[in-house]
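Asker: Sequence and predicted model, in that order:
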Number of protein chains: 2
Amino acid sequence: MNPTIDLLNNHRSIRLFKKDAVTQETINTLISCGQAAATSSFIQACTVIQVEDSSKREKLAEYAGNQKYVQTAPVFLVFCADMKRHELACDMHNEEMLSGFTEQFITATVDCALFAQNVAIAAESLDLGIVYIGGIRNKIADVSKLLDLPELVYPVFGMCIGYPDQTPEVKPRLPLPVVLKKDSYSNVQDSELLADYDKVIRDYYNSRSGGNKDMSWSEQIAGMLRKEARPHMLDFLKSRGYLLK
Amino acid sequence: MNPTIDLLNNHRSIRLFKKDAVTQETINTLISCGQAAATSSFIQACTVIQVEDSSKREKLAEYAGNQKYVQTAPVFLVFCADMKRHELACDMHNEEMLSGFTEQFITATVDCALFAQNVAIAAESLDLGIVYIGGIRNKIADVSKLLDLPELVYPVFGMCIGYPDQTPEVKPRLPLPVVLKKDSYSNVQDSELLADYDKVIRDYYNSRSGGNKDMSWSEQIAGMLRKEARPHMLDFLKSRGYLLK
């Protein structure tokens, strides 16, 4: 269709990187692209910590569930939802910021995600590869301490960036009618479509290079969601001034 | 740098559209690009409602705080965080889904935002313009009812899409050192940088075509954050099975 659309459709997570460095100039370019994303009511609530320190990288890799590439990737960024600078803005005008609203948690989190997705696309347009690291939320309190994050700043996810040293296959997505609906929500056809899709994913896992996983999408999801999901999250976020009301 | 990076840096919200229609084929292309974005543990938790019905559009425009372009834009999409189909996946394997975790709220919301940002970029690459509509959260319960959203599905934001009939200036973003930090968080320099940036934004508002706003960034933020932020959000989300623990 056009090169940008081809680029978007060509996304796959990269977990193995060449040793080639990424220049600070390039990183700055990526961050500027992130900043150019839409931002809710102009709050610009994303702050990025670029982690260079090798002992911090080692700890982050461990916190993320021993994801080695967090340590070894040429670039590792932590995207933080940040309402701290808004407190500063309020101070500048002697206004008291009313914080703790769930709405603010949504806008700051979404701001980060839009920002990060622009970073990801800009990186891929420069032949870099990326992988999002949600695993840092395993140990969100430790990560926050390691990076000296103050109240009102929480690490949403990390991202490894570097020149790819692997070419994984693009993973097939859900059938379009499952994710795009007209005028109202209805999932009456979804069971059938998901059953078809399950076959696609089972084939994908069986046939991909080095693959020895025999699993469908619904199996994978059911296996994951019968377990608790990072149950420490709500208490932690409350302790940082989020989701209080 | 390259056309994709130029495209990202060229983003501005579009609120005035030509009457030219956007074909369903194009919309499907945009949605496929959205699906190609990274997704946390492959959950694919975004569902899009394409709203064509004119009376629903009229109501959505009203709910969003009388944003007329919600009604008149050629395309209006509502991006929903959707864990309902995961419940279905669990049912398919006789597993009980453990829902309500804040972590799941984060992953589903981030999934939606990454998806939507790909849609936005794909649209802009086709010379379309977009604006995110967070305003639908003003009346999130009414929006959910209007679109028949079940439990575990919540509307994160809307998006208007169409061919631009205006060319707003690109809005200057925060200075890079405010949003990019190395190895640890520190905002010791931020006050000074924000004061400089305040001048940039005041000039921007004063000089933009048709502009008669005399305001700095920190003033705008302080003015907004001294007020409550959609205080109904937490109770609503809890009633839909999110943020319960």
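Answerer: That came in fine, so what should we check first?
Asker: With only the CA atoms kept, save stretch A:75-94 in PDB.
Answerer: Provided in PDB are the C-alpha atoms of stretch A:75-94 (Å, rounded to 0.1, in the frame of the first residue of the first chain):
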ATOM      1  CA  VAL A  75      19.500   0.300  24.200                       C
ATOM      2  CA  PHE A  76      17.100  -0.200  27.000                       C
ATOM      3  CA  LEU A  77      14.400   2.400  27.700                       C
ATOM      4  CA  VAL A  78      11.900   2.500  30.600                       C
ATOM      5  CA  PHE A  79       8.700   4.400  29.800                       C
ATOM      6  CA  CYS A  80       7.200   6.000  32.800                       C
ATOM      7  CA  ALA A  81       3.800   7.600  33.300                       C
ATOM      8  CA  ASP A  82       4.700  10.900  35.000                       C
ATOM      9  CA  MET A  83       2.400  13.300  36.700                       C
ATOM     10  CA  LYS A  84       5.300  14.600  38.900                       C
ATOM     11  CA  ARG A  85       6.100  17.500  36.500                       C
ATOM     12  CA  HIS A  86       2.400  18.500  36.600                       C
ATOM     13  CA  GLU A  87       2.700  18.900  40.300                       C
ATOM     14  CA  LEU A  88       5.700  21.200  39.500                       C
ATOM     15  CA  ALA A  89       3.500  23.100  37.000                       C
ATOM     16  CA  CYS A  90       0.800  23.500  39.700                       C
ATOM     17  CA  ASP A  91       3.400  24.700  42.200                       C
ATOM     18  CA  MET A  92       4.600  27.300  39.700                       C
ATOM     19  CA  HIS A  93       1.100  28.900  39.900                       C
ATOM     20  CA  ASN A  94       0.400  28.200  43.500                       C
END
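Asker: So in chain A, which helix runs the longest?
Answerer: Longest helix in chain A, counting residues (DSSP state H): helix A:102-125.
Asker: just checking, residue A:176 touches residue B:33?
Answerer: No. Checked against Cβ atoms under 8 Å, the pair residue A:176 and residue B:33 is beyond contact range at 11.6 Å. (C-beta placed from N, C-alpha, C; glycine too.)
Asker: Those two - which one has more neighbours?
Answerer: Counted by other Cβ atoms under 10 Å in any protein chain shown, residue A:176 and residue B:33 do not tie: residue B:33 has more neighbours, with 26 against 13.
Asker: OK, contacts around that one?
Answerer: Contacts here follow Cβ atoms under 8 Å, 6 or more residues apart in numbering or on different chains; on that basis residue B:33 touches A:5, A:8, A:9, B:118, B:119, B:121, B:122.
Asker: what about 10 Å?
Answerer: Counting by Cβ atoms under 10 Å, 6 or more residues apart in numbering or on different chains, residue B:33 touches A:1, A:4-9, A:11, B:115, B:117-123, B:125.
Asker: What of residue A:5?
Answerer: Taking Cβ under 10 Å, 6+ apart, we find residue A:5 in contact with B:29, B:30, B:32, B:33, B:36, B:118, B:121, B:122, B:123, B:125, B:126.
Asker: The first one: what's its closest spatial neighbour, skipping adjacent residues?
Answerer: In space, residue B:29 comes closest to residue A:1 once its chain neighbours are excluded; the distance is 6.2 Å by Cβ to Cβ, 6 or more residues apart in numbering or on different chains.
Asker: and the most far-flung residue of chain A relative to its centre, which of the three is it?
Answerer: What lies farthest from the middle of chain A is residue A:94; by Cα atoms, centre = their mean that is 34.9 Å. Following DSSP: H, G, I helix; E, B strand; the rest coil, residue A:94 is assigned to coil.
Asker: Next one: it from residue B:218, what distance?
Answerer: To residue B:218, residue A:94 is 11 Å away according to Cβ to Cβ, to the nearest Å.
Asker: do the same with residue A:102
Answerer: 24 Å.
Asker: Check residue A:237 too.
Answerer: Taking Cβ to Cβ as the measure, residue A:237 falls 25 Å from residue B:218.
Asker: Please say which of those two ends up with more neighbours.
Answerer: residue B:218 (23 against 20).
Asker: Please give the element, helix or strand, for the nearest residue to the more buried one once chain neighbours are set aside.
Answerer: For residue B:218, ignoring the flanking residues on the chain, the nearest one in space by Cβ to Cβ, 6+ apart is residue A:89 at 3.8 Å. Using DSSP states H and E, residue A:89 sits within helix A:84-92.
Asker: For that helix, what does the pLDDT average out to?
Answerer: Averaging pLDDT along helix A:84-92 gives 96.
Asker: quick revisit: contacting residues for the residue nearest to residue B:218?
Answerer: Contact analysis of residue A:89 by Cβ under 10 Å, 6+ apart lists A:43, A:83, A:95, A:97, B:190-191, B:194, B:198, B:216-225.
Asker: Among the residues you listed, which ones are in helices?
Answerer: Within those, residues falling in helices by DSSP H are B:190-191, B:194, B:198, B:217-225.
Asker: Next, format these as a markdown table and append pLDDT.
Answerer: A markdown table is the format used below for the ones in helices among the contacts of residue A:89 (pLDDT from 0 to 100):
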| residue | pLDDT |
| --- | --- |
| B:190 | 92 |
| B:191 | 91 |
| B:194 | 96 |
| B:198 | 97 |
| B:217 | 97 |
| B:218 | 97 |
| B:219 | 97 |
| B:220 | 96 |
| B:221 | 97 |
| B:222 | 97 |
| B:223 | 96 |
| B:224 | 96 |
| B:225 | 96 |
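Asker: Show the buried residues in those residues.
Answerer: B:190, B:194, B:198, B:217, B:218, B:219, B:220, B:221, B:222, B:224, B:225 (16 or more other Cβ atoms under 10 Å in any protein chain shown).
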